[in-house]
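> My questions are about this predicted structure, shown below with the sequence.
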Protein chains: 2
Amino acid sequence: MNASTFTTCWLPNDKQVPTISSLHITLCSQAKVLERVCLTYLNRLYNKIEISRTMTSQSEIIIGTFNETNQECQIEMELDGFIIRNEQRKTYVLSLSEQGLLYGTFHLIEQLQLGSKREDISVVQNPSTHIRMLNHWDNMDGTIERGYAGRSIFFDQDELSYDAKRIQQYADLLASVGINKISINNVNVHRVETKLITESKLRELKELADIFSENYITLYLSINYASPIELGELQTADPLDDEVKTWWKQQTKRIYQTIPGFGGFIVKADSEHRPGPFTYGRTHADGANMLAKALAPFGGNVFWRCFVYDCLQDWRDRTTDRARAAFDHFQKLDGEFDDNVILQIKNGPMDFQVREPVSPLIGALKATNYVIEFQVTQEYTGQQIDLCYLMPQWSEVLAFDTQIKGEGTTVSDILSGNVYPSIQTGITAVVNVGNDSNWTGHEFAQANLYGYGRLAWNPRLTARTIANDWVNSTYPSVNEEVKQMIEKMLMESWVVYENYTAPLGVGWMVKTGHHYGPDVNGYEYSPWGTYHFSDRDGIGVDRTKSGSNYVNQYTEPVAEVYEDMTTCPDELLLFFHHVPYTHKLHSGKTVIQHIYDSHFEGVKQVERLILAWQQSKDELPDDLYEHISHKLNAQLENAKEWRDKVNTYYYRVSGIHDQHDRKIYR
Amino acid sequence: MNASTFTTCWLPNDKQVPTISSLHITLCSQAKVLERVCLTYLNRLYNKIEISRTMTSQSEIIIGTFNETNQECQIEMELDGFIIRNEQRKTYVLSLSEQGLLYGTFHLIEQLQLGSKREDISVVQNPSTHIRMLNHWDNMDGTIERGYAGRSIFFDQDELSYDAKRIQQYADLLASVGINKISINNVNVHRVETKLITESKLRELKELADIFSENYITLYLSINYASPIELGELQTADPLDDEVKTWWKQQTKRIYQTIPGFGGFIVKADSEHRPGPFTYGRTHADGANMLAKALAPFGGNVFWRCFVYDCLQDWRDRTTDRARAAFDHFQKLDGEFDDNVILQIKNGPMDFQVREPVSPLIGALKATNYVIEFQVTQEYTGQQIDLCYLMPQWSEVLAFDTQIKGEGTTVSDILSGNVYPSIQTGITAVVNVGNDSNWTGHEFAQANLYGYGRLAWNPRLTARTIANDWVNSTYPSVNEEVKQMIEKMLMESWVVYENYTAPLGVGWMVKTGHHYGPDVNGYEYSPWGTYHFSDRDGIGVDRTKSGSNYVNQYTEPVAEVYEDMTTCPDELLLFFHHVPYTHKLHSGKTVIQHIYDSHFEGVKQVERLILAWQQSKDELPDDLYEHISHKLNAQLENAKEWRDKVNTYYYRVSGIHDQHDRKIYR
């Protein structure tokens, strides 16, 4: 891959005009990355920077561990937390570890970039979670499953192929928001990718691992559960078979011989046609533990995905409910997993829809490590054509009160280790990055990458704070009014997208395969378990006691809230209940009128976004103006398609007129 | 392509055990093909054959033109007709031409194979049509658009690539049923195929043309209308541009220099994203005539397809009706086409659905040459997985009374030249052949290829006669009862397929793209102009005066029959009318009950086919038994999918229960 020009996103970039004349930095820490980061990014904010290794009277910024700087750590700190404090006109960036110093340095850079005065910066930050991970779904042929920002930054033509400079910058972007683990290949591990754990590929991977490692980001690989058969010429991949165990132990040992800092494996097993322990009548605990035992001597982990369901369901079968699957498969195994197994649970019970309830498995596992899995790449949320800033969605998920130990047991509390301190918890996500020059296709989709890191570090941050920080860091030179407009666009976008797509939590209604654009019945008679069950009288999925009883997977009183139509939140009504079109929502509207209103409104909102954007034309760089205009116009077309197809479909099937007599095609 | 084993279909094959001891043939004609055909096929029916060039007292079969045999032609014969008659224990095969002798010889072989005594054969046959053509939709990469019998027999890896022996046998199969023209490449002419008319490719094509030519089959090529741009480096393909005219004249001259017997061009222009004269504001007459003038000096023709419609229609637009398109585009141009232009009109106004009315353009053109176009390849009729013998459908089309010159002006009459003798008419079809060893994927699909040729020669043949002949020729050694069973399977199959698929002429409801299997709403909100407009009250497309007024394209009283719901035939009701589910059919059933009944019945019928087949196991060759069993089981799965999806969809939308309370999923 040739070196290409690419934007530096929210980090200070070359175009930035330094506003501060000069700066004297003392690096007490030996970590090379700190020097590089200062020379690259701090340098862009100053006309001149000087770096010394020992403190002098001229030192303005001092970066080092408490030990190196002879500063006292007066409060309880996480290993990768940091403190920024001012003393006698000197600014100290302090931590227990070099990793913490890197995060602190990036934080300082951001604060300076946002215009804070050095002397005013006073921060104590500890990450809420220890696992802050990203999953790439990159294939070695260079394509990216569910990728909307060009091709892979790691692979091409079945080979490892990357621009080291770009990868380093990517590692900077990730470290600047605290990401500490990355997997680089698709969880659907095909033939070629299966070989990534073989010796010749590992030697090639070493350099890549080193680039990430410099930034304290650990490299993981998705593996093929059937590797012993495909690579090892064994007849089986049975996790209880001795030859299989030995094969994995030897293979793992070889990996660590080549890449000592290797993180471990991501496994999608027994899911969507991937092989797994079910083939051999074994449990997922059997499968995961066998791999875990191979990794344990080297300190490696297994991330074991819980996205296990019957993807060959017969649509005629109303007794099976895909939403139940993860809980049904994994809750009963609680406590059976080894200490270095980490389950990976999608945020909702289905699959990254614009609106889903929180997975009931989160909180239900008390003696098993796990991470929640978000989707930064916008598979079902506009594919980086439509604007959809996801922090409001994730914040809602993280603030959800599972009540698993009484009121006030939020997902954030659980993931921060406050509820079951004996288990490891954290956050992972499918990333939205490709080799597009702006990294994410839609430039504003950078905010989802940035925001994901910020939320993973601190799940209690508000979506607005993150949007504000991202806009200010990314567009330092545009005027305040325009910044506020962009922030507003971001903040509204999730609701806008929800308005013109699938209503009230029912999900799907997308075109099959690629999942962009509307097809109300696209998945209705499919084997994927994703239905809305619309008929002439009503719509929605009965997941109460009278239906699949999925509600029962939640703790009381949460289960009761969803069970009861009068307390179930409007936005999730059709996820939990099949109701008549004339059912009155808490909003006072009927379901059918809500469908019409939200779809008309969604399109209007996109039109207003476009208008606001157009009115700011003169205040925006031309290329940015054109880029976003182009995306917004495509989004408008999509929104209209959704509006008209959904409204017509439900008009035809319900026969109920729009109260406001707007145009619904017949 | 390597030589592969392949079946000889309905022609005598090697396995056949000769029942007649020896035969003496006198070939008065010099045509080499006659000797080859006798030595290949007649030889398989006799222990020994002898061939002489002059008549002797031993001569039993004498093949020659009237002149060569000194026989009198007492009746009016077409050039390619033939007579078989017996005189003094000698059997004469006579014709005005060598081509006619070839047809006569094949006919004699068939009769002998069917067990007729030589002395009893007495036949006068003249083809009803002069154009009896087949169109391949083969791409040069070896794929076949809408092909279900393996890959191309002509092309592979962007090159001409064929087994000459196989092509010769194919030419024999076609000549044995009277086919006299063939085009070998897809009407969607892509980049590589555009080059087929360039010199190096033409030289390669010559040998192929010669193989067909020996059997009096003329070779045609589908061309890219934009060739002057893509090959000739012109800036335009405007048919009125002098450079364009000159380019085509020179190109055509070069073609005939290499292949003197070349037939001409097939053109799909301004259709489904193909370029055409509309680009330049010209008419289809302008476009076709320009090419015709280039071909005329060499006796070539242009086949110009009338499949022109807006494939980017907005589904919201209820004023546009795709069914109207061919008539609207071409009827007004009647009389404007050159004598060597032949329009190519699909049998129905839409696209080869299981049930459509006859295209109103047939009969409406009075001063323009044309052919009707059938689809032998089963795109919408089961894709050679499901059994669907198409002669009953085509016979109905051919017997349709257009009443264009009063009662008794059938499509057959028109195509036979009885109605407008001054225009050239005929039949063409998209073929179902690929490199599968049995040629057609489903072995019984051979009957559609065979039958097509027979019907093209004589449109008044019954479907049953053809089925009977095909079964007897193809399976001479199975017993009479089994032959009758196979014939019955064929004869029922179209109705069975119709029963479990789209009801009452409404069409489509197929999965998008590949068109196999059910998706009731698959095309409902698409840009393809193919809708059923089902809502909670009713179903069907209003094409009467109150709707698109498509009915008006038919002559009275046909238009009135379709316009009036009380006279419109049940099987086309939903093609012409939007009716309530409770509308009573002539059958006495409501529309909804008909939908339920036909879908339950369709599956039952497939089950009965399977049962009958199983009961004949002992009487069938093992490989045939297994092959057809496999296909029938796949068909049953498909039929069940159709039954349940269609029934559930219409139950959900109508809310009307099945009178017989059978299982309809909710």
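On my side now, so go ahead.
> Just give me the neighbour total for A:Val308.
A:Val308 sits with 21 neighbouring residues when counted by other C-beta atoms under 10 Å in any protein chain shown. Where you see a C-beta, it was placed from the backbone N, CA and C, and this is true even at glycine.
> Local confidence estimate at it?
In this model, A:Val308 is scored at 88, pLDDT.
> State the distance from it to A:Val411.
21 Å (C-beta to C-beta, to the nearest Å).
> Over to A:Arg118?
36 Å.
> the more surrounded of the two?
Legend: neighbour count by other C-beta under 10 Å for A:Arg118 and A:Val411, higher for A:Val411 (26 against 17).
> Which pLDDT value belongs to that one?
97.
> so the residue sitting nearest the centre point of chain A, which of the three states?
Centroid check for chain A by C-alpha atoms, centre = their mean gives A:Ala429 as the closest residue, at 3.1 Å. Following DSSP: H, G, I helix; E, B strand; the rest coil, A:Ala429 is assigned to strand.
> And for the one 3 residues further on?
When the structure is split into helix, strand and coil by three-state DSSP, A:Asn432 lands in coil.
> I figured it hits A:Leu449, correct?
Yes: if you go by C-beta atoms under 8 Å, A:Asn432 and A:Leu449 touch, sitting 6.0 Å apart.
> intersection of neighbour lists for those two?
Common contacts of A:Asn432 and A:Leu449 (C-beta atoms under 8 Å, 6 or more residues apart in numbering or on different chains): A:Val376, A:Thr440.
> how about A:Glu383, what does it touch?
Let me fix one detail, which is that residue A:383 is Gln and not Glu. A:Tyr148, A:His515, A:Tyr516.
> Of those residues - the most surrounded one?
Of those, with other C-beta under 10 Å as the count, A:Tyr148 tops at 21 neighbours.
> I figured that one hits A:Gly434, correct?
Yes: counting by C-beta under 8 Å, A:Tyr148 does reach A:Gly434; the two are 7.4 Å apart.
> what residues are shared contacts of the two?
Joint contacts of A:Tyr148 and A:Gly434 (C-beta under 8 Å, 6+ apart) are A:Gly441.
> Rounded mean pLDDT for the helix or strand hosting A:Ser598, please.
Assigned by DSSP states H and E, A:Ser598 belongs to helix A:591-615. Model confidence over helix A:591-615 averages 98 on the pLDDT scale.
> Then stretch A:541-553?
Averaging pLDDT along stretch A:541-553 yields 98.
> burial of the nearest residue to A:Glu619 once chain neighbours are set aside, as a residue count?
In space, and not counting its chain neighbours, A:Glu619 is closest to A:Val482: 4.7 Å by C-beta to C-beta, 6 or more residues apart in numbering or on different chains. Around A:Val482 there are 18 other residues, counting by other C-beta under 10 Å.
> Could you list the buried residues of the helix or strand bottoming out on mean pLDDT in chain A?
Between all helices and strands in chain A, the lowest mean by mean pLDDT, DSSP states H and E belongs to strand A:20-27, at a mean of 89. Using 16 or more other C-beta atoms under 10 Å in any protein chain shown as the test for burial, strand A:20-27 gives A:Leu23, A:His24, A:Ile25, A:Thr26, A:Leu27.
> helices or strands up against that strand?
When contacts are defined as 3 or more C-beta pairs under 8 Å, 6 or more residues apart in numbering or on different chains; DSSP states H and E, strand A:20-27 sits against helix A:32-40, strand A:46-52, strand A:61-65.
> Quick check: which of those is nearest to A:Phe154?
The closest of the helices and strands packed on strand A:20-27 to A:Phe154 is helix A:32-40. By C-beta to C-beta, the value is 20.5 Å.
> returning to what we had before: centre of the chain versus the helix holding A:Ser598, how much separation?
27 Å (C-alpha atoms, centre = their mean, to the nearest Å).
> I'm done for today, thanks for sticking with me.
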